[in-house]
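J.: Okay, structure incoming, though there's no sequence with it:
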């Protein structure tokens, strides 16, 4: 069984278009490279009740959950409180984090900065290669900051623990309408249960009309499905990108 | 009351990183410009059960729902069937759409193309300025195609029906730590109930450390909250972008 993941972006600023999402886009690429099946990305407002409702559902449904945003010293930083409420626990000040916060700010410490040491009661501190700042995790939920540079740094720090079996993808470029090739696709889908076939019409390409993707974690099955597909489509095939020809996943 | 919206992107190709999302990013900008409160964006796989579970929840929760993708003639196009299942209705071939599909493809029609005429039973055809191809809507759910050029064209065609009261936004750039200004922000939040205050630390800017946004639909309240905020922050304010100075929303 492949490992699954869900991402919850907590961000009024994304929903209102003040900032474009960078963190979900980053995790899509990273999780794919790690071989993790990303199953859901949801962007929600900075609201306690919505966070409390959404995050436990993700936690129950997916192996790993990543949240982005709402972590900090101001009134709109309600992720910790929302997650705590959602799991029916309280918010506590973690002594290790408090020591780090006090040491980092020194004489300039404002009371509000200590909120960075607050965690849902029972949370773990997950240390990666960078032994300075840990990631706060509650069960399978990794709580990451919204600022993209920090989000990326913290995820990279702990990424190795999520490494799984990579996905192999072949691409077939086809000069035919989707409607005309649909029966061939149905036949391949029926014959190869653990291979996923995607069909994407493109209207702005000159040499092909449809991009097909053939993917799975068993390279031999992907190769067999690809061969079957290419035979069925015959002269409509413009080009094939076969992962066995190049790339680390072949 | 402002009108709310939710977006469901149905797309294995987005979750697996084959294509970057364009449609949710587009709708974020469009809905903002129209004055609609976008409350949730969710990306889910091309799976019947997930669509059936997700879309009715959005329909019950938000005034308008937009789906992207999974509409077409191939095996992975399961949005219509998923929405029908979710609402406990069937899939029927709509005679008006069938006539359009037959006319468009003519002698080249493949059986699978007729799937483009399938709708959840009870769906409406919503015509915009372009009187040729309508948008299929089921209750408050507008079912749009995943190909970005088509998605944009179809949304623009019906966008006027969603026009609401625009949001006014002011921005304040501050040279201080978030922790240090948190008490001032709390005071403004407490004083202005219908004004939303966002606080976004930036670590890659030279002239400021935090961007604050002050927004609402009542321009006078936004102006009053902005004035109060600027007084409280004093010398820490580097620059103010006041919407009264420029822009159509002022």
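T.: That came through, no problem. The shown structure was predicted, so the numbers you read here are calculated from the model rather than taken from an experiment. Numbers count the residues shown, from 1 in each chain, chains lettered A, B, ... in the order given.
J.: all helices for chain A, in order.
T.: Here chain A has its helices, by DSSP state H, at A:12-15, A:23-34, A:48-61, A:79-86, A:95-105, A:148-158, A:178-191, A:219-233.
J.: In CSV: those helices, plus distance to chain B.
T.: Every residue, glycine included, has its C-beta placed from N, CA and C. Converted to CSV, these look like this (distance: least, C-beta to the nearest C-beta, whole Å):
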stretch, distance to chain B
helix A:12-15, 5
helix A:23-34, 4
helix A:48-61, 8
helix A:79-86, 14
helix A:95-105, 7
helix A:148-158, 6
helix A:178-191, 4
helix A:219-233, 12
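J.: Now render the ones you listed as CSV, adding mean pLDDT, distance to residue B:108 and mean neighbour count.
T.: Formatted as CSV, the helices of chain A follow (pLDDT from 0 to 100; distance: least, C-beta to C-beta, whole Å; neighbours: other C-beta atoms under 10 Å in any protein chain shown):
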stretch, mean pLDDT, distance to residue B:108, mean neighbour count
helix A:12-15, 96, 42, 24
helix A:23-34, 97, 37, 20
helix A:48-61, 98, 43, 18
helix A:79-86, 98, 53, 24
helix A:95-105, 95, 65, 14
helix A:148-158, 95, 47, 17
helix A:178-191, 96, 8, 18
helix A:219-233, 96, 17, 18
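J.: To residue B:158, which of the ones you listed lies closest?
T.: Closest to residue B:158 of the helices of chain A is helix A:12-15 (C-beta to C-beta; 21.1 Å).
J.: Just give me how far the closest one sits from the chain centre.
T.: Helix A:12-15 sits 18 Å away from the centroid of its parent chain (C-alpha atoms, centre = their mean, to the nearest Å).
J.: got the contact list for it?
T.: A:18-21, A:43-46, A:76, A:146, B:28, B:38-41, B:196, B:198, B:200, B:213 (C-beta atoms under 8 Å, 6 or more residues apart in numbering or on different chains).
J.: Give me the buried subset of these.
T.: A:18-19, A:21, A:43-46, A:76, A:146, B:28, B:38-41, B:196, B:198, B:200, B:213 (16 or more other C-beta atoms under 10 Å in any protein chain shown).
J.: wait, doesn't residue A:202 sit right on residue A:209?
T.: Yes: the pair residue A:202 / residue A:209 is scored as a contact, 6.7 Å apart, by C-beta atoms under 8 Å.
J.: Hmm, residue B:77 and residue A:182 touching each other?
T.: No: assessed by C-beta under 8 Å, residue A:182 is found out of contact with residue B:77, at 9.1 Å.
J.: tell me the pLDDT at the residue located most distally from the centre of chain A?
T.: Computed with C-alpha atoms, centre = their mean, the residue of chain A farthest from its C-alpha average is residue A:107, at 38.4 Å. Listed pLDDT for residue A:107 reads 93.
J.: what are the bridge partners for the nearest residue to residue A:169 once chain neighbours are set aside, then?
T.: Setting aside the residues directly before and after it, residue A:169 is nearest to residue A:215 in space (C-beta to C-beta, 6 or more residues apart in numbering or on different chains), at 4.3 Å. Per DSSP bridges, the residues bridged to residue A:215 are residue A:169, residue A:196.
J.: For residue A:183, see how far away residue A:215 is.
T.: 21 Å (C-beta to C-beta, to the nearest Å).
J.: Please give me every residue in contact with residue A:196.
T.: Residue A:196 makes contact with A:213, A:214, A:215, A:216, B:12 under the criterion C-beta under 8 Å, 6+ apart.
J.: could I get those as TSV with distance to residue B:169?
T.: Below are these laid out as TSV (distance: C-beta to C-beta, whole Å):
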residue	distance to residue B:169
A:213	40
A:214	46
A:215	42
A:216	46
B:12	35
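J.: if I pick the closest residue to residue A:228 other than its chain neighbours, what's in contact with it?
T.: Leaving aside its sequence neighbours, residue A:228 sits nearest to residue A:188 (C-beta to C-beta, 6+ apart; 5.6 Å). Contacts for residue A:188 (C-beta under 8 Å, 6+ apart) come out as A:195, A:197, A:214, A:225, A:228, A:229, A:232.
J.: and which of the residues you listed is nearest to residue B:68?
T.: Taking these together and measuring to residue B:68 by C-beta to C-beta, the closest member is residue A:197, at 20.2 Å.
J.: I figured the closest one hits residue A:212, correct?
T.: Yes: with contacts counted by C-beta under 8 Å, residue A:197 reaches residue A:212, the gap being 6.6 Å.
J.: residues bridging contact with these two, i.e. touching both?
T.: Taking C-beta under 8 Å, 6+ apart as the contact rule, residue A:197 and residue A:212 both touch A:185, A:229.
J.: Which one's more surrounded, the two?
T.: For the pair residue A:197 and residue A:212, the greater number of neighbours falls to residue A:212 (26 against 21), based on other C-beta atoms under 10 Å in any protein chain shown.
J.: ok, the nearest residue to residue A:125 once chain neighbours are set aside - contacts?
T.: Counting by C-beta to C-beta, 6+ apart, residue A:125 lies nearest to residue A:134, which is 3.8 Å off, once chain neighbours are set aside. By C-beta under 8 Å, 6+ apart, residue A:134 lies in contact with A:96, A:97, A:125, A:126, A:127, A:128.
J.: do residue A:199 as well
T.: Residues in contact with residue A:199 (C-beta under 8 Å, 6+ apart) are A:178, A:181, A:185, A:210, A:211, A:212, B:72, B:74, B:75, B:76.
J.: Setting aside sequence neighbours, what's the nearest residue to it?
T.: Nearest residue to residue A:199, sequence neighbours excluded (C-beta to C-beta, 6+ apart): residue B:74, at 4.2 Å.
J.: Need the pLDDT of that neighbour.
T.: At residue B:74, the pLDDT value in this model is 93.
J.: try residue A:1
T.: With respect to pLDDT, residue A:1 scores 61.
J.: Give me the nearest residue to residue A:218, chain neighbours excluded.
T.: With C-beta to C-beta, 6+ apart as the criterion, residue A:218 has its nearest non-adjacent residue at 6.2 Å, and that residue is residue A:194.
J.: The one you found against residue A:215, yeah?
T.: No: at 10.1 Å, residue A:194 does not count as touching residue A:215 under the criterion of C-beta under 8 Å.
J.: More neighbours: which of these two?
T.: Neighbours were counted for residue A:194 and for residue A:215 using other C-beta under 10 Å; residue A:215 has more, 21 against 10.
J.: Am I right that the more buried one is in contact with residue A:171?
T.: No: between residue A:215 and residue A:171 there is no contact under C-beta under 8 Å: 9.3 Å.
J.: who's in contact with residue A:81?
T.: By C-beta under 8 Å, 6+ apart, the residues touching residue A:81 are A:48, A:91.
J.: let me redo that: residue A:106
T.: The contact partners of residue A:106, by C-beta under 8 Å, 6+ apart, come to none.
J.: do the same with residue A:61
T.: With C-beta under 8 Å, 6+ apart, residue A:61 has these contacts: A:4, A:6, A:39, A:40.
J.: how much space between the residue nearest to residue A:218 and chain B?
T.: To chain B, residue A:194 is 15 Å away according to C-beta to the nearest C-beta, to the nearest Å.
J.: and if you look at residue A:108?
T.: Taking C-beta to the nearest C-beta as the measure, residue A:108 falls 7 Å from chain B.
J.: List the contacts of that residue.
T.: Contacts for residue A:108 (C-beta under 8 Å, 6+ apart) come out as B:177, B:180.
J.: next one: residue A:11
T.: Neighbouring residues of residue A:11 by C-beta under 8 Å, 6+ apart: A:19, A:21, A:43, A:44, A:45, A:46, A:68, A:69, A:70, A:146.
J.: can we see that at 10 Å?
T.: A:18-19, A:21, A:23-24, A:43-46, A:68-70, A:76, A:146, B:41, B:198, B:200 (C-beta atoms under 10 Å, 6 or more residues apart in numbering or on different chains).
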